[in-house]
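Student: just a sequence and a predicted model for now, questions to come.
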Amino acid sequence: MSTRLDIDWRNWKPIPGNVFDSSPQEVAPFIVGCMLLFDGIGGIIVETEAYDQTDPASHSYRGCTPGNRSMFGPPAHAYVYRSYGVHWCLNFVCGPEGYGSAVLIRAIEPIVGLEKMQQRRGLQDPRLLCSGPGRLTQALGISGQHDGLPLDQHPFVLLQPPVPQSIATGPRIGINKAVEKPWRYGLAGSKFLSRPFPRRPG
DNA sequence: TAACCGATTAGCT
DNA sequence: GCTAATCGGTTAA
């Protein structure tokens, strides 16, 4: 059983590398709705968060260290870090080189390679495969050895949809500082979010 | 000791 | 169907 069989992939195009020269607050909403494949397996990005060096919640806030050096490297590269000792989390480095900014990939809708993802995750439910930053790296087989890899070549593939997506925003998840920054972006109503977006007052 | 989390459990609609 | 609370676990400050 698969999803999104209605999509015509012929109209999807590679994401230009210079997209990642922009700020993480611009890149994060842009890549929501884009297709992410790693070694031929993946799906549609449905949730992201922006981080930059001025942000107390960012790994780059206190400058470059051995653990976060990829964040200060060239844009359009991966920053993969270990979270809570056990999980891996995938970020896309953006902004001018040395700026220390990145976009955290928080959730994808699994499309390609369902069986492999289910095997790696040890469960069947598509909604639990990639709905969380640690879950999606396990499903795609991404770990610390992939830190620093360029996003515009194998094993990465990034495609943008022919039509821009409608993006919801909200506060980021799992942080205690700069909680008020609405730097979480996603497809509101998607069943593959790590958590739903708060309903806007109105 | 705090951190960009996941799995499980308990309780709600 | 959903949300909140708890706890294990490694790293770096």
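Tutor: Perfect, thanks for sending it. Numbers count the residues shown, from 1 in each chain, chains lettered A, B, ... in the order given.
Student: every contact and neighbour count from this point should use C-alpha atoms.
Tutor: Noted.
Student: burial count for the one residue in chain A that gets nearest to DNA strand C?
Tutor: Closest residue of chain A to DNA strand C, CA to the nearest atom of the strand: A:Gly85 (2.7 Å). For A:Gly85, the count of nearby residues is 7 (other CA atoms under 10 Å).
Student: that one falls within a strand, correct?
Tutor: No - per DSSP: H, G, I helix; E, B strand; the rest coil, A:Gly85 lies outside any strand segment and is coil.
Student: low-confidence stretches in chain A?
Tutor: A:1-6, A:200-202 (pLDDT under 70).
Student: enumerate the residues of it near DNA strand B.
Tutor: A:51, A:57-60, A:83-85, A:87, A:89, A:102, A:104, A:121, A:128, A:131-136, A:173-177, A:194 (CA under 7 Å from any atom of the strand).
Student: could you flag which of these are buried?
Tutor: A:51, A:57-60, A:89, A:102, A:104, A:121, A:128, A:131-136, A:194 (16 or more other CA atoms under 10 Å).
Student: contacting residues around the residue nearest to A:Ser190 when sequence neighbours are not counted?
Tutor: The spatially closest residue to A:Ser190, leaving aside those adjacent along the chain, is A:Val46, at 7.3 Å (CA to CA, 6 or more residues apart in numbering). Residues near A:Val46 by CA atoms under 8 Å, 6 or more residues apart in numbering: A:32-33, A:106-109, A:186-187, A:190, A:192-193.
Student: who wins on neighbours among those?
Tutor: Busiest of those [other CA under 10 Å] is A:Ile108, holding 31 neighbours.
Student: excluding its backbone neighbours, what's nearest it?
Tutor: A:Ile45 (4.2 Å).
Student: over to that neighbour: give its phi and psi.
Tutor: Phi and psi for A:Ile45, reported as degrees, to the nearest 10, are phi -70, psi 120.
Student: isn't it up against A:Phe30?
Tutor: No - in this structure A:Ile45 lies outside contact range of A:Phe30 using CA atoms under 8 Å: 10.2 Å.
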